[in-house]
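[1] Okay, here's the prediction I keep looking at, along with the sequence it came from:
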Amino acid sequence: KAAEQLSLSARLASNAKERCEEEKEKEKESEEKEAAEAKERIDEVIAEKEDVKGKLGQSQAQIASVVKDLNVAKSRCNELAKESTAAEEEKSRLMESLAVAKKEAAEAKKQAADACAHMASVGGRKGGVNSEFTMEQMETQVKVLKGRLACNVCNERDKEVILLRCRHMFCRPCVDKNIKNRSRKCPGCGQRFDMKDVGDVWL
C-alpha cells in the first residue's frame, strides 16, 4: 500500500512538473509575443519620428525660401520707391529747365521784335541811309540767337538734351558719342554724369 501511495505521489509530482513546464512555456511564448509586438510598435514610432523629422526639415526649408523671397520682394520695393523718387526729381528738374528755355526763347523773341522795330524806325527816319547797317545788326542778332541754340561742341546741330547735374545743353549725337567712348564728362564743365542724368529738351 505504501508503494502505491509513493507511485501515485510520483505521478502527481510528474504531472505537476509537466503542467508547470507547460505554463512556463506558454508564459515564455506570451512574453516573446508581447516583446515582438512592443518591438514593432517601437519601430513604428521610430519610423513616424523620422517621417516627422523629414517633414519638419522640408517645412523649415520652405520657410527659409519664403523668407528669402520676402526679403527679395522687400528689396525690390525699396528700389522701385527710390526709382520713383528719382523719376519725380528728374521730372521736376526737366520742368525747371523747360521753364528756363521758354523764358530765354521769350526774351530772344522780344529782342528780335525790338530789333525789327528799331530797323523800321531808323529806315523811316533816314530814308534807308543806314538800312544796310541795320540789316547787319539784325543778322548779328539772329546769328547770336542761333549760336545760343546751337550745340557748343559741334556748332552744327541744335541743342536737344540737357545734363541735369550741371544744366548744360548739347545735341544728342555729341552726348551719345561721349557715352559711347565711356567719357561721361560734360564737354562744357567736365563734371561727370550718368545715363539717368541725360534729359530731353524741346526749344
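    Cool, the structure landed. Residues are numbered from 1 along each chain as shown.
[2] any weak-confidence spans in this protein?
    For the chain, the stretches with pLDDT under 70 are 1-2, 118-133, 203.
[3] can you do 50?
    126-132 (pLDDT under 50).
[4] Which parts of it are helices?
    Remark: helices assigned in the chain by DSSP state H are 2-126, 131-149, 172-180.
[5] ranking these by burial, who's on top?
    Neighbour counts (mean count of other C-beta atoms under 10 Å) averaged over each of the helices of the chain peak at helix 172-180, with a mean of 15. For glycine as for every other residue, the C-beta is placed from the backbone atoms N, C-alpha and C.
[6] helices or strands up against that helix?
    Helix 172-180 sits against strand 161-163, with contacts defined as 3 or more C-beta pairs under 8 Å, 6 or more residues apart in numbering; DSSP states H and E.
[7] Listing partners with orientation, what would you give for the strand it packs on?
    Strand pairing for strand 161-163, determined by DSSP bridges: strand 168-170 (antiparallel), strand 198-200 (antiparallel).
[8] Dump those into TSV; add distance to residue 89 as well.
    Shown next, in TSV, are the strands paired with strand 161-163 (distance: least, C-beta to C-beta, whole Å):
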stretch	distance to residue 89
strand 168-170	18
strand 198-200	11
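[9] Relative to residue 61, tell me which of these wins on proximity.
    With C-beta to C-beta, the closest approach to residue 61 among these belongs to strand 198-200: 45.9 Å.
[10] If you count neighbours, what's buried in the closest one?
    Buried residues in strand 198-200, counted by 16 or more other C-beta atoms under 10 Å: 198, 199.
[11] what sits up against that strand?
    Strand 198-200 is contacted by residues 90, 93, 94, 97, 160, 161, 162, 163, 164, 175, 179 when judged by C-beta atoms under 8 Å, 6 or more residues apart in numbering.
[12] how about the fourth one, what does it touch?
    In this structure, residue 97 makes contact with 162, 164, 167, 169, 199, 201, judged by C-beta under 8 Å, 6+ apart.
[13] Alright, that wraps it up for me.
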